[in-house]
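A.B. asks: Pasting a predicted model and its sequence here:
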Amino acid sequence: MSREKLTKVFLTLAVLVGGPLLGAKLFDLVVLAGAWSADPPHSLAMMPYGKNWPVDTGVFFIPFSAAMLLSTFGALLAGWKTPWRYRWLLCVPSLGILALLILTVLAFWPMNAALWYHGIGSPKDTITDAESIAMARRWIVLDWLRVAGAMAAFAASLGALVRPWPTEVASRDPLWVRWALAALLIGVAAFALYFVMGI
């Protein structure tokens with residue numbers, strides 16, 4: 001399979017996964033988070049976790065996000081020899097999704113746990129009512145950042161998919177760039193595995 005076809009396959013997968021992911025993220029932010037963050041700490045009981053919710057939202061978001069991460073990095077790797085006027089469209093979604101998933105693990109997972117424990121009055125609760133109000137507000141602001149990032153990743157993937165494939169091949173990258181790309185791809189694969197293990 002040619003690099004062009006392989007890149008387009010990965011981009012098609014990124015678009016097919018990215019569309020539902022972006023739509024679900026907007027629904028999650030506006031409807032679900034809009035409900036549980038409306039009047040903390042009382043509204044925190046509406047967080048979509050626990051026995052009242054048959055499916056944890058992570059069961060949807062984690063595999064779709066991992067698929068988006070792998071498909072965008074697959075497109076970047078397959079299209080690496082394209083000139084920068086095209087390659088930047090491959091860099092935006094791959095690096096953007098990676099940054100958003102790292103933000104999710106480092107910021108959102110701890111906030112989700114803290115807010116959930118506070119909302120149900122768990123012995124693991126470590127925050128006050130005032131802290132829960134501030135944390136819920138911070139969660140909403142940061143989640144708008146995730147939505148904007150997901151939108152940019154989707155738009156860049158779609159833009160790369162519909163643009164004509166460049167006829168010229170970029171000059172060979174220096175050895176350190178190729179090693180850095182290889183290290184980044186190994187790191188992404190390890191992170192995707194860790195992320196999916198969070199289901």
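C.D. replies: Thanks, I have it.

A.B. asks: And the contacts of stretch 75-94?
C.D. replies: Stretch 75-94 is contacted from outside by 3, 6-7, 10-11, 14, 18, 68-69, 72-73, 152-154, 156-157, 159-160, 163, 165-166, 168-170, 173, 181, 185, 188, using C-beta atoms under 8 Å, 6 or more residues apart in numbering. (Glycine included, C-beta is placed from N, CA and C.)

A.B. asks: can you pull out the helices in the protein?
C.D. replies: Listed in chain order, the helices found in the chain under DSSP state H are 3-27, 34-36, 58-78, 84-103, 109-120, 129-162, 175-196.

A.B. asks: which of those helices has the lowest average pLDDT?
C.D. replies: Mean pLDDT per stretch puts helix 175-196 lowest among those, at a mean of 82.

A.B. asks: related to what we said a few turns ago, deepest in the core, which of the helices of the chain is it.
C.D. replies: Each of the helices of the chain was scored by mean neighbour count; the highest is helix 58-78, a mean of 21, by mean count of other C-beta atoms under 10 Å.

A.B. asks: And that helix, how far out from the chain middle?
C.D. replies: Mean-position distance between helix 58-78 and its chain equals 8 Å (C-alpha atoms, centre = their mean, to the nearest Å).

A.B. asks: now it and helix 175-196, what's the angle there?
C.D. replies: Calculated by axes from the mean of the first three to the mean of the last three C-alpha atoms, to 10 degrees, helix 58-78 forms an angle of 160 degrees with helix 175-196.

A.B. asks: ok, residue 13 - contacts?
C.D. replies: Going by C-beta under 8 Å, 6+ apart, residue 13 touches 67, 71, 74.

A.B. asks: quick one: it from residue 161, how far?
C.D. replies: Taking C-beta to C-beta, to the nearest Å as the measure, residue 13 falls 10 Å from residue 161.

A.B. asks: again, but for residue 111
C.D. replies: In terms of C-beta to C-beta, residue 111 sits 34 Å off from residue 161.

A.B. asks: Check residue 56 too.
C.D. replies: Counting by C-beta to C-beta, the separation of residue 56 from residue 161 is 32 Å.

A.B. asks: repeat for residue 101
C.D. replies: Separation of residue 101 from residue 161 (C-beta to C-beta) stands at 22 Å.

A.B. asks: Also residue 50?
C.D. replies: The spacing between residue 50 and residue 161, counted by C-beta to C-beta, is 40 Å.

A.B. asks: got it, and residue 193?
C.D. replies: Counting by C-beta to C-beta - residue 193 and residue 161 are separated by 27 Å.

A.B. asks: And residue 162, how close does it get to residue 125?
C.D. replies: Counting by C-beta to C-beta, the separation of residue 162 from residue 125 is 49 Å.

A.B. asks: let me redo that: residue 116
C.D. replies: For residue 116, the distance to residue 125 - C-beta to C-beta - is 9 Å.
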